[in-house]
Every structure is written in C-alpha cells, then in structure tokens.
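Novice: Below are the sequence and a predicted model; questions follow.
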Protein chains: 2
Amino acid sequence: MTNSNLTTRDKVLAAALRLFTAKGYFSTSMRDITHESAVSTGSVYHYFKDKEGVASALYQTTVARMCSEFEAIINRHESAHDRCRAVIALLLQLAEQEPDSMSFMLYTKHREFLPLERPVCSSEPFNMMRSMVETGIQRGEIVEQDVVVASSCLFGPAIRLITSHLDGILQHPPGHYLDQLWRCSWKAVS
Amino acid sequence: MTNSNLTTRDKVLAAALRLFTAKGYFSTSMRDITHESAVSTGSVYHYFKDKEGVASALYQTTVARMCSEFEAIINRHESAHDRCRAVIALLLQLAEQEPDSMSFMLYTKHREFLPLERPVCSSEPFNMMRSMVETGIQRGEIVEQDVVVASSCLFGPAIRLITSHLDGILQHPPGHYLDQLWRCSWKAVS
DNA sequence: GTCTATACGACGATAGAC
DNA sequence: GTCTATCGTCGTATAGAC
C-alpha cells in the first residue's frame, strides 16, 4: 500500500493526504494516520508538532508545487491566452492523475483547521492566476473589466468541472473536456 | 443576539448555522450550540436526535428553500436565458443578504458529517440548474454540447465569484457584478 | 529516530427532577 | 418541554525505554 522507499516523514504525509481526502481532517485520527502509514505515534510526533502540523506541511507542499508549475507555465508561454489555457490543462490533468491532491487543494476548508493560513482564494497560486488575467487585460487580449470577474469567468468553469469530477458525476476523465471548456471560457472574456 | 420570538427549535438551528459557518461543524461543540442559542442541552436533544441531526435539519431546510426559489423562477420565466440569469441574480443576492446560508450551502463539505446525503453537486438544486441548461440546449438557445460543461461555464463563474466574496476578497457586494458577470457567462455558451 | 504505554481533557449523549 | 448534573468514550499528546 505505502511505497517503502519513502522517508518516514513522507510516508506520514502520503497517508494523511489519502485519509484527509477520504474521510476529512476531523474524522481522521492520529491513530488512523499511524496505522495507514505504518509509522508509530512517537515517530509521527517526532516529525510534526501535532495533527495540525501534519495538515500544515501538506498544505505548504501542495501550494509550493502548484506555484512552481505555474511559474514554469509563465516561462513557457508569453500571451495570457496561452498561459491561462495551460493552467486549465494542468488543473484538469492533475484532477485526473492526483485527485487526492486536487481535492485537498480545492475542496478542503483549510481555515477550519489551519487558522493561520489565508483562504485558498487568496493563496499564492490563485494570486498568480489573477495576475495572468491582469496582464491579459493590459495587453488587450482580455476585454477591459474587473479582474476578479474576469478570473472567475476564465477559471470558474474549470474549477466547477473539476469538483463535478471529484463528486463523481463526470462520464469522461476531465481532460476529455479541455477543448470544449477552453473554447467557452476564452470566448467569455475575449 | 438571538431573536427571541423564534421557537426553541429555530433558535437552535439559527445558532448552529452561525457557528457551523464561522468555525466549522467539527470545531463547534454541542456546548457551543447551547450557549449561542441560550437553550439547554436537554432541550436541544429533545428536538434533535444528535449533533448530526442538527446539521441534517439545517441542510434539508436550506435545500428545500433553494428548490422552491428555483421553481418560482422556472414559473416566472420561460427561456433558459431568463431562467439562468434569474438563478445567478438570486445566488448573488443570497450571498449578500445571507452569507451564512450561502456558505453552508456551497462551502461546506456535508459529506464529512452527513454521510447519507448526496454531494451538493448532485443535490436537487444543482440538478435543476443542469436541467435548465438542458432545455436551453434543446430550444437552441445554448450551443449543442455536453450539459455538464455548459452548466459549468454558465454557473461556474458565479459560484467562483461568490466564494471570492465569502473569502472577503471582493471590493463591492456581489450583486454589483451581476451585469458584467452575466454578459460573460452567457456569451460563453450562446 | 523509533517504539509502547499511558495520562489527560473534551465532547457527545443520557438520566431523571421539575 | 425544559432543565442540571453526570457518565463513558475517544483521541491527542507526552513520557520514557530502546
């Protein structure tokens, strides 16, 4: 079940991610995490201050990874059109390949157990998405309007589709809808 | 704080709604609910089987109310265009006037504590939204395409904007963006 | 660094008087 | 229907050996 050439710390994080998305943070006990990860209580508390520390580390990791993916996209593409399309493609692909990460990222009310974190909406990745839209408006690719509205129109549909996928009401894998989705999303703001 | 011409049951529900949206279901104890509602433990358990029963009643009420609002919209308007616009206007207005209800409806992972309920996405109101889109496609108002994609494009932006509002990153009240938002959303699918 | 055993507190739920 | 007092459970976190 758990890949054994992971460090103890990573085994805990992987187990926690599976359990948090499956049962939710509060319904997951530290016991569950020790069992699922096959790591003892003592070791878990050696690497993490407390249960919140586990969740926090998971959150930081996910956000950091998202940021670096987005940076790569920004470097690879110049126009807002290409950047935003790449972001949506990435999101759909991640939803397909790593539904747990995606679910933890989008679906989890982190505020309930990570009071120190800002809401997902104002986390770095979302800021980057908004700033892509902003430069798109400056370059004249996107029609002049409120940035939050334009961002909602561009990325809202994709996020909605992904939550539909995570809820299991999508017939095909998310990536299957990319072209259709992008055509509509871009038409909305251009 | 609590309106005193409410029945005991309703005082409990009102307090629970405030607390659930503010702190989350699991971080809200029955003690919190008794204090906030100024109702004793015994009375709370007289009206509700357990803590889950409180959440369940709250969920049923919210969904039922949404359904009747949507039915009224369907009766008032004939075209998919008008119906969908009215739904979005309603959602924005509710987000403004009753952020707690809206937050509980959209933002809460009900599955974590209401295992019997279907996910929000497949709850009745969301089904009604999808079916409005479906008739819109049949009538030729909306371009022929997958219903889930079209629904995501039409309603996803509004939902995204509302969560932005609930996260506090909106400068104006949600209703302020209605025209802008609707123009983009409808352009995406028509 | 890893483990087992355990202390401690909090919470949900009940009992039973009024 | 409403209340107070209380019980039992469960889960987090620590202590301390190896």
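Specialist: Nice, thanks for sending it over. Numbers count the residues shown, from 1 in each chain, chains lettered A, B, ... in the order given.

Novice: Contact residues of chain A facing DNA strand C?
Specialist: Proximity of chain A to DNA strand C, by CB under 7 Å from any atom of the strand, involves residues A:Thr8, A:Val39, A:Ser40, A:Thr41, A:Gly42, A:Ser43, A:Tyr45, A:His46, A:Tyr47. For glycine as for every other residue, the C-beta is placed from the backbone atoms N, C-alpha and C.

Novice: if we go to 6 Å?
Specialist: Within chain A, the positions adjacent to DNA strand C are A:Thr8, A:Val39, A:Ser40, A:Thr41, A:Gly42, A:Ser43, A:His46 by CB under 6 Å from any atom of the strand.

Novice: So what's the residue count around the third one?
Specialist: By that I understand A:Ser40. Neighbour count of A:Ser40, defined by other CB atoms under 10 Å in any protein chain shown: 11.

Novice: Can you tell me how far A:Tyr45 is from A:Met30?
Specialist: Distance of A:Tyr45 to A:Met30, given as CB to CB, to the nearest Å: 8 Å.

Novice: err, A:Phe20, not the other one
Specialist: 12 Å.

Novice: Now the worst-scoring helix or strand of chain A on mean pLDDT: buried residues?
Specialist: When each helix and strand of chain A is scored by mean pLDDT, DSSP states H and E, helix A:99-106 comes last, with a mean of 95. Residues of helix A:99-106 classed as buried: A:Pro99, A:Ser101, A:Met102, A:Ser103, A:Phe104, A:Met105 (neighbour count, 16 or more other CB atoms under 10 Å in any protein chain shown).

Novice: okay but the third one is in contact with A:Ile162, surely?
Specialist: Yes. Taking contact to mean CB atoms under 8 Å, the distance of 6.5 Å between A:Met102 and A:Ile162 places them in contact.

Novice: what touches both of these two?
Specialist: Taking CB atoms under 8 Å, 6 or more residues apart in numbering or on different chains as the criterion, A:Met102 and A:Ile162 both touch A:Leu91, A:Ala95.

Novice: which is the next helix or strand following the longest helix along chain A?
Specialist: The residue-count maximum for a helix in chain A (DSSP state H) belongs to helix A:51-76. Per DSSP states H and E, the first helix or strand lying C-terminal to helix A:51-76 is helix A:80-97.

Novice: Spell out whether the least confident helix or strand of chain A and chain B are in contact.
Specialist: No. For helix A:99-106, no contact with chain B is found by CB under 8 Å from any CB of the partner chain; the gap never falls below 9.8 Å.

Novice: what element comes up after that helix heading to the C-terminus?
Specialist: Next element after helix A:99-106 (DSSP H and E): helix A:124-138.

Novice: mind giving me the domain ranges of chain A?
Specialist: Chain A resolves into domains spanning A:1-48, A:65-189 when parsed by automatic domain parsing.

Novice: if we can go back for a sec, any residue of the longest helix of chain A touching DNA strand D?
Specialist: Yes. Contact between helix A:51-76 and DNA strand D, assessed by CB under 6 Å from any atom of the strand, occurs at A:Lys51.

Novice: Flag every buried residue along that helix.
Specialist: Quick answer for helix A:51-76 (16+ other CB under 10 Å): A:51, A:54-59, A:62-63, A:66, A:69-70, A:73-74.

Novice: and the angle for that helix with helix A:99-106?
Specialist: Inter-element angle recorded for helix A:51-76 and helix A:99-106: 100 degrees (by axes from the mean of the first three to the mean of the last three CA atoms, to 10 degrees).

Novice: Can you check what angle separates helix A:51-76 from helix A:124-138?
Specialist: Using the same axes, to 10 degrees: helix A:51-76 against helix A:124-138 is 30 degrees.

Novice: how much distance is there from helix A:51-76 to the middle of the chain?
Specialist: Mean-position distance between helix A:51-76 and its chain equals 8 Å (CA atoms, centre = their mean, to the nearest Å).

Novice: ok, now stretch A:82-95?
Specialist: Distance, centroid of stretch A:82-95 to centroid of chain: 11 Å (CA atoms, centre = their mean).

Novice: Extract the CA atoms of it and return them as PDB.
Specialist: Taking Å, rounded to 0.1, in the frame of the first residue of the first chain, the C-alpha atoms of stretch A:82-95 are listed here in PDB:
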ATOM      1  CA  ASP A  82      -1.600  30.500 -23.900                       C
ATOM      2  CA  ARG A  83      -0.800  30.800 -20.200                       C
ATOM      3  CA  CYS A  84      -4.400  30.500 -19.000                       C
ATOM      4  CA  ARG A  85      -5.100  27.600 -21.300                       C
ATOM      5  CA  ALA A  86      -2.000  25.800 -20.000                       C
ATOM      6  CA  VAL A  87      -3.200  26.400 -16.400                       C
ATOM      7  CA  ILE A  88      -6.600  24.900 -17.100                       C
ATOM      8  CA  ALA A  89      -5.000  22.000 -18.900                       C
ATOM      9  CA  LEU A  90      -2.700  21.400 -15.900                       C
ATOM     10  CA  LEU A  91      -5.600  21.600 -13.500                       C
ATOM     11  CA  LEU A  92      -7.700  19.100 -15.400                       C
ATOM     12  CA  GLN A  93      -4.700  16.800 -15.700                       C
ATOM     13  CA  LEU A  94      -3.900  17.000 -12.000                       C
ATOM     14  CA  ALA A  95      -7.600  16.300 -11.200                       C
END
